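Chemist: with the input below, show me the fold.
(one chain, ligands or ions: 1)
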Amino acid sequence: MTELNKIALKILSDGKGILAADESNGTMTKRLESVNITSTSENRLLFRETLFSSECMTECIGGVILYDETINQSSISEKKIPTLISDSGAVPGIKVDTGAKVLANSSEEKITEGLDGLRERLKEYYLLGARFTKWRGVYNISEKYPSKLAINSNAHALARYSALVQECGMVPIVEPEVLMDGDHSADDCLIKTSEVIQKCFDELITHKIDLTGIILKPNMILAGNKSKNKISNEEVSFKTLECLKKSVPIEVPGVAFLSGGQSEIEATENLNLINKNNNTNFIMTYSYGRALQQSALKFWSKNIKDVKGTQNVFNHRAKMNTLAAQGKWSSDLENK
Ligand code: 13P
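Modeler: Got it, this is the predicted structure:
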C-alpha cells in the first residue's frame, strides 16, 4: 500500500466523509449574508472553528477541505487550524484551484485556473499540514454543452494538477462537477457526466497518476433542477452507480460525492441508496459543503455564541451522512 493510498483510505473508511469548508471568501460572504451575518474574517473563522471542534470530527469526518484564509488562521485557543483538525483524527485538506473563468472560444463555459506557481504553493500547504487537495472543474449541460473543448481542457488541467499534488506527497481530489442547473433529463446527465469522467481518467492515465492515491468527487446523476421529469431517489442511485461503474478504473479507492444544491435530506437519502445498491468495489461517501453545513449555519446565525447548540446540529447531520455512507440510514433516525 502506498502512502497516498493510506491517506485516501484514512479519509474515506468506516463511513467517514469529508467536510467541504473551502468556500472562497466571495462564496462564504453569500452564505453568511443569507442568514444576516456580516462576513468578516473573524466571523468566518468563528463558524468554521465551531464545526471543527465538534464531537463528530472524530467519528464521522475523515477530512476537511479548507480555503487559503482558514488554513493560515488559529483557533481561539491559539491552535493552528490544521492542527485542530488533525488532533481530532481528521486529515486537513486545501482547495488549490483559483476558480473557474470564462473559457476562451466557448464563452458560455468555464475553465478552472490555478496551475501557474502551483508546485510552490503546494509545498507551503504541505508544511502547514495539508495532506490532500481539491480542484473543481465545472460543466453545464445543454444540447451543445459541455463541448469537447470544455471537457478536454478541464480534464487536462485536472491531470496536471493531480501530478503536481502527488509529486508533493498529497492526495488530489479530482472534482469534475456537472451542474444540476437546467431542464435536462437524468439520462442527459448520465451521458454527459460519463463522458466528462471518462475523459478525466484518460488524461490522468496519460499523466501517469497513481490512481490508488486519488479521490474522485463527482455529482450524482440527477435530472436538472428545472426539469419536469424528476426521477426517484432509487433511480438516482442506480443511474449514479451505472455511470461510475463504466467510467471509473477499479484502482480508484473511493468516491466522495458533492451535494451540488440538493437539500440536506435528499443528499443523505441518495447517498444511503447508493450504498445499499452499491455493486462496485469503490467506497462511496460524502464530501458535502451545503448539505453538511446548512442547518448548522442557520442555527448558529441566531446566536453565534451558542457553540454547543450549533455543534449538536452539525453532529446530527454528520452522523446521518456517516450512516448513509454505510447504507444504514433511515428517515426515522432524523427525528431522534
Ligand atoms: P456542495 O456540497 O455544497 O456542492 O459543495 C461541495 C464542493 O466542494 C463543491 O466544490
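Chemist: list the contacts of the residue lying farthest from the centre of the chain.
Modeler: Distance from the C-alpha centroid of the chain, by CA atoms, centre = their mean, peaks at Asn105 (28.7 Å). Going by CB atoms under 8 Å, 6 or more residues apart in numbering, Asn105 touches Leu149. No exception for glycine: its C-beta is placed from N, CA and C like everyone else's.
Chemist: how deep is the residue in the stretch 151-300 of the chain that the ligand sits nearest to tucked in, by neighbour count?
Modeler: Nearest residue of the stretch 151-300 of the chain to the ligand: Gly289, at 2.8 Å (CB to the nearest ligand atom). Close neighbours of Gly289, defined as other CB atoms under 10 Å, add up to 19.
Chemist: may I have the phi/psi pair for it?
Modeler: Here is the backbone geometry of Gly289 (degrees, to the nearest 10): phi -100, psi -80.
Chemist: do the same with Leu211
Modeler: Backbone geometry at Leu211, expressed as degrees, to the nearest 10, gives phi -70, psi -20.
Chemist: same question, the one 5 residues further on
Modeler: Note on Leu216: its backbone torsions stand at phi -90, psi 130 [degrees, to the nearest 10].
Chemist: quick one: the helices in the stretch 201-336 of the chain, in order.
Modeler: Using DSSP state H, counting those that start in this stretch, the helices of the stretch 201-336 of the chain run over 233-247, 264-276, 290-302, 307-324.
Chemist: what's the most buried one of these?
Modeler: helix 264-276 (a mean of 22; mean count of other CB atoms under 10 Å).
Chemist: which residues of the stretch 51-200 of the chain lie near the ligand?
Modeler: 136, 175 (CB under 6 Å from any ligand atom).
Chemist: show me what residue of the stretch 51-200 of the chain gets nearest to the ligand.
Modeler: Counting by CB to the nearest ligand atom, the stretch 51-200 of the chain gets nearest the ligand through Arg136, at 4.4 Å.
Chemist: can you tell me the element that residue falls in?
Modeler: strand 132-139 (DSSP states H and E).
Chemist: what comes up buried for stretch 121-128?
Modeler: Buried positions in stretch 121-128, judged by neighbour count with 16 or more other CB atoms under 10 Å: 121-122, 125-126, 128.
Chemist: and the strand holding Arg136, what other elements does it pack with?
Modeler: Strand 132-139 is packed against helix 3-12, strand 61-66, strand 91-95, strand 100-103, strand 106-112, helix 148-167, strand 171-178, helix 186-206, with contacts defined by 3 or more CB pairs under 8 Å, 6 or more residues apart in numbering; DSSP states H and E.
Chemist: list the strands paired with that strand, with their directions.
Modeler: strand 91-95 (parallel), strand 171-178 (parallel) (DSSP bridges).
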